[in-house]
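Chemist: Dropping the sequence and predicted coords here.
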Amino acid sequence: MSPAELTSHLGYWLRLVSNHVSHAFARKLQAFDITVAEWALMRVLFGIDESPSQLAERMGMTKGAITKLADRLIAKSLVIRISSRDDRRSQTLRLSKKGESLVPRLAGLADQNEAECFSHLSETDRALLERVLRKSVKRFGLNSIPIN
């Protein structure tokens, strides 16, 4: 029996499109010296303060990964770390004023990327694709934010 062609697998097509969408967005973010992972953390932090542990749970990442992302964003003056007055070991993360003002601009890039990548789909096809993908997400219990 001969092995199936790569293109005979739905996963092949999903990955092909996913890579295109992700790389197109990553290129847009490069103009702002922001990675997709940094964008995701900034978007989650928009309008809230959260501890690294809470962010790790919300984003489906390790606390160490959140800390590394936060450190990079702190170095870029986009996030600030706030120590608790009661317990110096307890910290929360918050977008800086610069970070807060940048999120809407980056969200606009995300919207632009979405339109460029999916505007060829009719509303019906787009809704069907989203429904099918959400069904798979639920089936597999996926809950982490895709950042790679």
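Modeler: Great, that's in hand. Numbers count the residues shown, from 1 in each chain.

Chemist: ok, now how distant is the spatially most central residue of the chain from residue 49?
Modeler: For the chain, the residue nearest the mean C-alpha position is residue 40 (3.4 Å; CA atoms, centre = their mean). Residue 40 sits 17 Å away from residue 49, taking CB to CB, to the nearest Å as the criterion. Every C-beta, even on glycine, is put in place using the N, C-alpha and C of the backbone.

Chemist: repeat for residue 37
Modeler: 20 Å.

Chemist: Tell me which of those two has more neighbours.
Modeler: Between residue 37 and residue 49, counted using other CB atoms under 10 Å, the more crowded position is residue 37 (21 against 13).

Chemist: what pLDDT does the more buried one get?
Modeler: The predicted structure scores residue 37 at 95 on the pLDDT scale.

Chemist: Please tell me how far it sits from residue 93.
Modeler: Counting by CB to CB, the gap from residue 37 to residue 93 is 14 Å.

Chemist: Next: residue 75.
Modeler: For residue 75, the distance to residue 93 equals 13 Å [CB to CB].

Chemist: Show me how far stretch 70-80 is from its chain's centre.
Modeler: Distance of stretch 70-80 from its chain centroid, counting by CA atoms, centre = their mean, to the nearest Å, is 17 Å.

Chemist: For that stretch, buried residues please.
Modeler: For stretch 70-80, burial by neighbour count (16 or more other CB atoms under 10 Å) applies to 70, 72-73, 76, 78-80.

Chemist: Now render these as TSV, adding distance to residue 126, pLDDT and secondary structure.
Modeler: Shown next, in TSV, are the buried residues of stretch 70-80 (distance: CB to CB, whole Å; pLDDT from 0 to 100; DSSP: H, G, I helix; E, B strand; the rest coil):
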residue	distance to residue 126	pLDDT	secondary structure
70	34	96	helix
72	34	97	helix
73	32	98	helix
76	34	98	coil
78	32	98	coil
79	33	98	strand
80	38	97	strand
